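# Okay, here's the prediction I keep looking at, along with the sequence it came from:
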Amino acid sequence: MPSLLLIALLLVIAWLMARCPARAPWIAALDRALDGWMLPAVAFAAAVAVTAYVWGSLNPVAVYHDEAAYLLQAELLARFRWTLPAPVVPRAFEQAAVLVTPVLAPKMGPGHALALVPGIWLGAPALMPLLLTGLTAALLVVLVRRVVGASVALLTFILWLTTPGNLSWRPTFFSETSSGAAWLGAWWCLLEWRATRRPRWLLAVAALTGWGAITRPLTFVAFAVPLGAIVLWDVVRGGHWRQLAAAVAVGTACLLVIPLQAWRVTGSPLVSPLSVYTRQYLPSDVIGFGLRAGTPERTSPPDIARVYQDFNALHATHTVASLPKTFGERTAAVFNIQFGGWRGILAPVTLVGMLAGLPEMAFALVTALLVMLAYLLYAHVPQWTVYYLELLPVLSFAFALGLARSMRWLARRIRRRALPQGAELLGVVMVLLVSLQPTAREVVAYRRRIEHLTEYQQQFRQAFAQLPDRRSLVFVRYGKGHPAHYSLVRNVADPATAPVVTAYDLGPAANDSVVRAFPGRAIYVLDEGRRTLQKIVFAP
């Protein structure tokens, strides 16, 4: 939408707000509806529907390495397992973010995988990320409605749902869909506890923060600082020490899942799967500055090795001296996933919302800033903005509040007296109608983007599904142009019964050992460079 046209439309909307009837019946009816259960219900349904449309399937391809690892972890937990025995030839089953020796297990914390388990049981892996997105939307609108009212809550929801960041990262299996729901859920429970002082709400704050911590540890360390300060302040002032003790116990119980996972995977509650994986493959991939010296214990396959070379290069340039530049680049990247497209011309009004004088806004902004600062300890490319997905509700709230107040200010200048009741709601509805066409176009564009992104792996998935044999073993031989971030070799949680098992083609000797470990399977070789999938006869 051209910038001048957008500004002209907003001026027209401000004029309509100034001429709003004292209390139009339809505005009164909509206002009543937004104050009830309808707003969070509609937000939930709309968020699920839009994200599902963009994703395109309840059983989509897990595109990136970490997505595949999360799915594998969820499939293991769905079978009440933490690990599988190490493959007979571990290097034939190397997978990024997954240990293949001394056991087979993903490296990440279990919080997100636990949330994915119901979808695995139902045969719809994407179901839980979709429901978590809907829950996040519902929590967002009830939080904003509680603080500033239903009209701004509605505007916040629309601006949040259709941000480039949400349309890019929510149709994925990344863990931020879980941590984002925990983030807003903990804030809602905090408000309830401060209003009622009922112990159950503080226990819920602790439980949700604990779940977030076993899902996105660095994010929730930063998240917990301002939240913990508020809770401690209230406890000291009100003498709620027993409630605090109970909440600490609940939070600690959640965190005990981490040593439990460590014990089941590594044999020691003090040695995490992440630390073992880092030592085996990528000693430099730790919090800190500069390239950490160390030689990996294991040699990665060539495709994964290219990814890790990029990681090493990032860490080498991630220094204390580069922090101002790094912070600026990441801030610009976050700006793009919030204000991309037609929103950019309106971005300055966000400052109006940030400076509105609301304590809740200040608290949310401090939390968001602490997350940004925390991730300065870790090297990553600025474009990897999924780490900041939890910040988008905060920025969308500031954007919506600033836009609503700016429109109200303009309308008052036009009317030159107090605005009628419902003027702000009328303005919000008009803004939503004006933005409907460009946002719908963006949603369709991101659907096509997902289709393009998954096309490479979807072709091979379909080829594997069409194999005539009930159970197959496919040796993958990558071509020279293989995209390093997309893998066709992925472990399965049920290697004995899975229809297709994939492994690296390592040559006759290693392949023979792999074949002997999977008796009764038809053997195929996928030559990516030649685009062939050929059945071979194994002679024992």
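That came through fine.
# C-alpha only now, for contacts and for neighbours.
Noted.
# Retrieve the pLDDT associated with N312.
You'll see N312 listed with a pLDDT of 91.
# wait, it sits on V286?
No. If you go by CA atoms under 8 Å, N312 and V286 don't touch, sitting 10.5 Å apart.
# Which one of the two is surrounded by more residues?
N312 (20 against 17; other CA atoms under 10 Å).
# can you give me how far stretch 202-219 is from the chain middle?
Relative to the chain's own centre, stretch 202-219 is displaced by 15 Å; criterion: CA atoms, centre = their mean, to the nearest Å.
# Show me which residues of that stretch are buried.
Residues of stretch 202-219 classed as buried by neighbour count (16 or more other CA atoms under 10 Å): 202-219.
# repeat for stretch 476-494
Buried, per 16+ other CA under 10 Å, within stretch 476-494: V476, R477, Y478, Y486, S487, L488, V489, R490, N491, V492, A493.
# ok, of those residues, which one's closest to F335?
Nearest to F335 among the buried residues of stretch 476-494 is Y486, at 27.2 Å by CA to CA.
# Now the most centrally placed residue in the chain. Nearest residue, chain neighbours left out?
Centroid-nearest residue in the chain: E176, 2.6 Å away (criterion: CA atoms, centre = their mean). Among residues not flanking E176 along the chain, L389 sits closest, at 6.5 Å (CA to CA, 6 or more residues apart in numbering).
# Check whether that neighbour really touches L167, as I assumed.
No. Between L389 and L167 there is no contact under CA under 8 Å: 10.7 Å.
# Tell me the spatial nearest neighbour of L161, not counting adjacent residues.
Nearest to L161 is A47, by CA to CA, 6+ apart, at 6.5 Å.
# ugh, wrong one, I meant F311
Nearest to F311 is D285, by CA to CA, 6+ apart, at 7.1 Å.
# residues near that neighbour, how many?
21.
# ok, it - contacts?
T278, R292, F311, N312, H315 (CA atoms under 8 Å, 6 or more residues apart in numbering).
# Please enumerate the strands of this structure.
84-85, 98-99, 103-106, 472-477, 500-504, 522-527, 532-536 (DSSP state E).
# I'd like to know which of those has the weakest mean confidence.
Looking at the strands of the chain, the bottom one is strand 532-536 with a mean of 91.
# picking up where we left off before, adding distance to W55, write the contacts of D285 out as a markdown table.
Putting the contacts of D285 into a markdown table (distance: CA to CA, whole Å) gives the following:
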| residue | distance to W55 |
| --- | --- |
| T278 | 32 |
| R292 | 38 |
| F311 | 28 |
| N312 | 32 |
| H315 | 32 |
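# Could you list which of these belong to helices?
Among these, the ones falling in helices (DSSP state H) are T278, F311, N312, H315.
# Those residues: which two are farthest apart?
Longest distance between any two of the ones in helices among the contacts of D285 is 13.8 Å, between T278 and H315; criterion CA to CA.
# what do those two both touch?
Shared contacts of T278 and H315, defined by CA under 8 Å, 6+ apart, are found at S284, D285.
# Would you map out the domains in this protein?
Listed domain ranges for the chain are 3-57+128-255+321-444, 469-536 (source: automatic domain parsing).
# From T317, how far out is K325?
11 Å (CA to CA, to the nearest Å).
# Please apply the same query to G239.
49 Å.
# Kindly report the same for L202.
42 Å.
# Repeat that for S57.
39 Å.
# same check, this time on I337
Counting by CA to CA, the gap from I337 to T317 is 24 Å.
# Repeat that for L131.
Taking CA to CA, one finds L131 at 39 Å from T317.
# for L282, same thing?
Plainly put, L282 is 16 Å away from T317 if you go by CA to CA.
# Which of the two has more residues huddled nearby?
Applying other CA under 10 Å to L282 and T317 shows that L282 carries more neighbours, namely 24 against 14.
# Roughly how far does the nearest residue to S406 once chain neighbours are set aside sit from A510?
The shortest distance from S406 to any non-neighbouring residue, by CA to CA, 6+ apart, is to V349 (7.1 Å). Distance, V349 to A510, using CA to CA: 62 Å.
# who has more neighbours, those two?
Between V349 and A510, counted using other CA under 10 Å, V349 has the larger neighbour count: 19 against 15.
# list the contacts for the nearest residue to T439 once chain neighbours are set aside?
Distance criterion CA to CA, 6+ apart; nearest residue to T439, sequence neighbours excluded, is T162 at 6.5 Å. By CA under 8 Å, 6+ apart, T162 lies in contact with T439, E442, V443.
# Quick check: phi and psi at A321.
phi -60, psi -30 (degrees, to the nearest 10).
# where does it sit relative to Y486, distance-wise?
On the measure of CA to CA, A321 and Y486 end up 33 Å apart.
# same deal with L370?
Counting by CA to CA - L370 and Y486 are separated by 32 Å.
# got it, and G109?
22 Å.
# Show the low-confidence segments of the stretch 351-500 of the chain, by residue range.
Applying pLDDT under 70 to the stretch 351-500 of the chain picks out residues 416-422.
# what's the burial count for Y70?
Residues near Y70, counting by other CA under 10 Å: 27.
# Skipping its backbone neighbours, what lies nearest it in space?
A113 (5.9 Å).
# re the thing from before, show me which of the contacts of D285 are buried.
Judged by 16+ other CA under 10 Å, buried ones among these: T278, R292, F311, N312, H315.
# Tell me the one of those residues nearest R81?
Taking the buried ones among the contacts of D285 together and measuring to R81 by CA to CA, the closest member is T278, at 22.3 Å.
# Name all residues that make contact with that closest one.
Contacts of T278 (CA under 8 Å, 6+ apart): S284, D285, V286.
# For the residue nearest to A398 when sequence neighbours are not counted, give me its contacts.
With sequence-adjacent residues excluded and distances taken as CA to CA, 6+ apart, A398 is closest to G353, at 4.5 Å. Taking CA under 8 Å, 6+ apart, we find G353 in contact with F397, A398, F399, A400, L401, G402, L403, R405.
# Contacts only, for L473.
V500, V501, T502, A503, V515, F518, R521, A522, I523, Y524.
# Find the nearest non-adjacent residue to the second one, please.
Read it as V501. In this structure, V501 finds its nearest non-sequential neighbour in L473, 4.9 Å apart by CA to CA, 6+ apart.
# what is the one you found paired to in the beta sheet?
Beta bridges link L473 to V501, I523 when assigned by DSSP bridges.
# Tell me how far E360 lies from P226.
E360 is 11 Å from P226, by CA to CA.
# again but with F363, I slipped
Applying CA to CA to F363 and P226 gives a distance of 7 Å.
# Also L425?
L425 is 32 Å from P226, by CA to CA.
# How about A115?
For A115, the distance to P226 - CA to CA - is 26 Å.
# Then T266?
Distance, T266 to P226, using CA to CA: 34 Å.
# So for the two, which sits in the more crowded spot?
Between T266 and P226, counted using other CA under 10 Å, the more crowded position is T266 (21 against 16).
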